[in-house]
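Q: here is a sequence with its predicted model. Questions after.
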Amino acid sequence: MTTRNAPTHTVYYDGDCPLCSHEMAFLMRQNREGRLAFVDIATPGFEVAALGVSREALMALLHVRDTAGRWLVGVPAIQAVYAATGHTRFAAALDRPWVARLARPAYAWLACHRYRLPRWLLAVTHLRAGHCEPDGSCRLR
């Protein structure tokens, strides 16, 4: 039996973005210990004023806030959510210098162009083309 914990991070994501929504759905399934809370910033009525960050900034890159109020943005946010869901090797790989040099500009480009990505690109991600088991393991079809 898995014990649910109080969230250690709040993930602010764009629920209108197909790629973002699929990735967040994957992370929600992986969030078995309850370390992450998810907030869809595209939901009508979402109020940004109390967060101390602009709506434009939230929409530009993934934002994650820890319980101390610190913001993680972009690749560090990705690292935090994957580490919190047990994908520590993937999170740690993003710290390797050569990976970081590629990941940061690649993520910035992807975030900027996420609404223009072709549907076939979604089909090659593990979320669309794969089959995920309840234990979180995935395989390609």
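A: Done, it's in. Numbering: from 1, shown residues only.
Q: please list the outside residues in contact with the helix or strand encompassing W109.
A: According to DSSP states H and E, W109 maps onto helix 97-112. Contacts with helix 97-112, where a contact means C-beta atoms under 8 Å, 6 or more residues apart in numbering, come from 19, 60-62, 74-75, 78, 93-94, 117. In short, each C-beta sits where N, CA and C put it, glycine included.
Q: can you do 10 Å?
A: 14, 17, 19-20, 59-62, 74-79, 92-96, 117, 121 (C-beta atoms under 10 Å, 6 or more residues apart in numbering).
Q: likewise for stretch 69-77?
A: Counting by C-beta under 10 Å, 6+ apart, residues outside stretch 69-77 touching it are 9, 11-13, 51-53, 57-58, 60-66, 78-81, 91, 94-95, 99-100, 103-108, 111.
Q: now do the helix or strand hosting R89: everything it contacts.
A: Applying DSSP H and E as the criterion places R89 in helix 88-93. With C-beta under 10 Å, 6+ apart as the test, helix 88-93 has contacts from 75-76, 78-85, 87, 99-100, 103.
Q: between those, which sits nearest R29?
A: Among these, T85 lies closest to R29 (C-beta to C-beta), at 8.8 Å.
Q: quick one, what contacts the closest one?
A: With contact set as C-beta under 10 Å, 6+ apart, T85 has these partners: 26-33, 35-36, 91, 136.
Q: cool, and L117?
A: 17-19, 110.
Q: before we move on, the earlier item: using PyMOL, define a selection of the buried residues within the contacts of helix 97-112.
A: This is the PyMOL syntax for the buried subset of the contacts of helix 97-112, where burial follows 16 or more other C-beta atoms under 10 Å:
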select buried, resi 14+17+19+20+59+61+62+74+75+77+78+79+94
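Q: low-confidence ranges in this protein?
A: Counting by pLDDT under 70, the ranges of the chain that qualify are 1-3, 118-141.
Q: please repeat the previous calculation with a cut-off of 90.
A: 1-6, 17-23, 49-50, 95, 100-101, 103-141 (pLDDT under 90).
Q: show me where it has its strands.
A: Taking DSSP state E, the strands of the chain run over residues 9-13, 36-40, 63-66, 71-73, 130-132, 138-140.
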